[in-house]
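Visitor: dropping a prediction and its sequence here:
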Amino acid sequence: MIYIDKLIKSTRKSGSIICMGIDPVCEYLPEIEGTVEERIVFFFKALFSEMIKRKVIPGAFKPNLGVFTALDRPRENAFDGSLALAKILSFLDELFPLTPIILDYKRGDIARSSENYAKEGFVTWGCDSVTVSPWMGSDSVRPFFKEAALYNGGVYLLNRTSNPGGKEFQNAVLAENGQPLFKRVAEKLVHWAGEYPGTGAVVGATSLDELEEITAYFSGKEIPLLIPGVGSQGGSALDVVHILKQNDYTIPLVRINASSGITHPWAKTGNAVPRGWKQLCVDNLERLNDEAGGFL
């Protein structure tokens, strides 16, 4: 099954275009006896069980690799983060086999290094798609496309990111034609997508003018979108889907990411982990599903 088909089928199955970010923060996890690995695994295993019980499923999962590997201490022969991620990925494969897994690692290097990073995403971790920085050009990103093609996977290229500093470079105007840099990236992305189906874009929900311009340009071209920035970063799922609908975008190819707002919403208020934390997490996922689902 090619990646675009997997996105569409998972949307039909779940009724969702929400991507659930998996970025555990140990201080916001329930207190249980055990190692860091055991605490993370306990949390997500219980959360996934609650999601299945209530039949509330996202349209994708997005673990952030750096969040997990930062918990490793290789020189002490300790790999709590990597082992936790491996178990979570196995849970996802078993419990949600139709739901895409996007490995968020934002790689991109000279060609030989990119080949290794591509294998890291698709072979080492066995994910369906990866996030990649395009800023080093064609020879840097093509190894990811080629590796993705072997596994019917996808590649999301950073186009206009959701962080405040993104505009410092991505909105810089090119002297040759007066276009912002993110528009040049969008043009190259369409070219690459013609060669490698499943090539997508990361476009933030916090930059609505740019989101509108980019989705208008991509509309009708079968470009998967990964849209971060909803929730704690200030973006709105309703605003995003309104723009997508206005530009006649193929909605099932879109994934709107929310992380902390689903997995540890109590962090924003500084509250302790509530007694009904599983229900609260799934309530928030269900609300986001409902917000975006009315446009499917």
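Guide: Cool, the structure landed.
Visitor: ok, S133 - how many residues close by?
Guide: For S133, the number of neighbouring residues by other CB atoms under 10 Å comes to 16. For every residue, glycine as well, the C-beta is placed using N, CA and C.
Visitor: that's a strand at I102, yeah?
Guide: Yes: looking at I102 with DSSP: H, G, I helix; E, B strand; the rest coil, it is inside a strand.
Visitor: helices or strands up against the host helix or strand of D239?
Guide: In this structure, D239 is located in helix 237-246 according to DSSP states H and E. Here helix 237-246 touches helix 208-218, strand 254-258, helix 277-293, going by 3 or more CB pairs under 8 Å, 6 or more residues apart in numbering; DSSP states H and E.
Visitor: hmm, who's touching the shortest one?
Guide: Read that as strand 254-258. In this structure, residues lying in contact with strand 254-258 by CB atoms under 8 Å, 6 or more residues apart in numbering are 7, 17-21, 59-60, 62, 100, 102, 205, 224-231, 237, 240-241, 244, 284-285, 288, 292.
Visitor: just to revisit the earlier point, state the mean pLDDT of the helix holding D239.
Guide: Helix 237-246 shows a mean pLDDT of 91.
Visitor: just stretch 73-80 next, same as before
Guide: Here the average pLDDT along stretch 73-80 is 98.
Visitor: could we number from 3 for the rest of this?
Guide: Okay, using 3 as the starting number, the last item reads as stretch 75-82.
Visitor: ends of it, what's the gap?
Guide: End-to-end span of stretch 75-82 (CA to CA, to the nearest Å): 8 Å.
Visitor: name the residues that touch that stretch?
Guide: With contacts defined as CB under 8 Å, 6+ apart, stretch 75-82 is touched by T37, V38, E39, I42, L73, D74.
Visitor: all strands for this protein, in order.
Guide: 20-24, 62-65, 104-109, 131-134, 156-162, 201-205, 227-229, 256-260 (DSSP state E).
Visitor: returning to that earlier point: quick one: which of the helices and strands packed on helix 239-248 is nearest W127?
Guide: strand 256-260 (18.0 Å; CB to CB).
Visitor: pull up the pairing partners for that closest one, direction included.
Guide: strand 20-24 (parallel), strand 227-229 (parallel) (DSSP bridges).
Visitor: show me the contacts for the residue lying closest to P136 once chain neighbours are set aside.
Guide: What sits nearest to P136 in space, not counting adjacent residues and going by CB to CB, 6 or more residues apart in numbering, is L159, at 4.5 Å. Going by CB under 8 Å, 6+ apart, L159 touches T133, V134, S135, P136, V143, V187, L191, W194, T201, G202, A203, V204.
Visitor: now with 7 Å?
Guide: V134, P136, V143, L191, T201, A203, V204 (CB atoms under 7 Å, 6 or more residues apart in numbering).
Visitor: cool, and E224?
Guide: If you count contacts by CB under 7 Å, 6+ apart, then E224 has I6, T252, L255 around it.
Visitor: now those in a markdown table, with distance to P276, neighbour count and pLDDT?
Guide: Shown next, in a markdown table, are the contacts of E224 (distance: CB to CB, whole Å; neighbours: other CB atoms under 10 Å; pLDDT from 0 to 100):
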| residue | distance to P276 | neighbour count | pLDDT |
| --- | --- | --- | --- |
| I6 | 39 | 21 | 97 |
| T252 | 38 | 18 | 95 |
| L255 | 35 | 20 | 97 |
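Visitor: quick one: contacts for L287?
Guide: I20, M22, V58, P60, I264.
Visitor: and for the nearest residue to L73 once chain neighbours are set aside, the neighbour number?
Guide: Once flanking residues are discounted, L73 sits nearest to G83: 3.1 Å by CB to CB, 6+ apart. By other CB under 10 Å, 22 other residues sit near G83.
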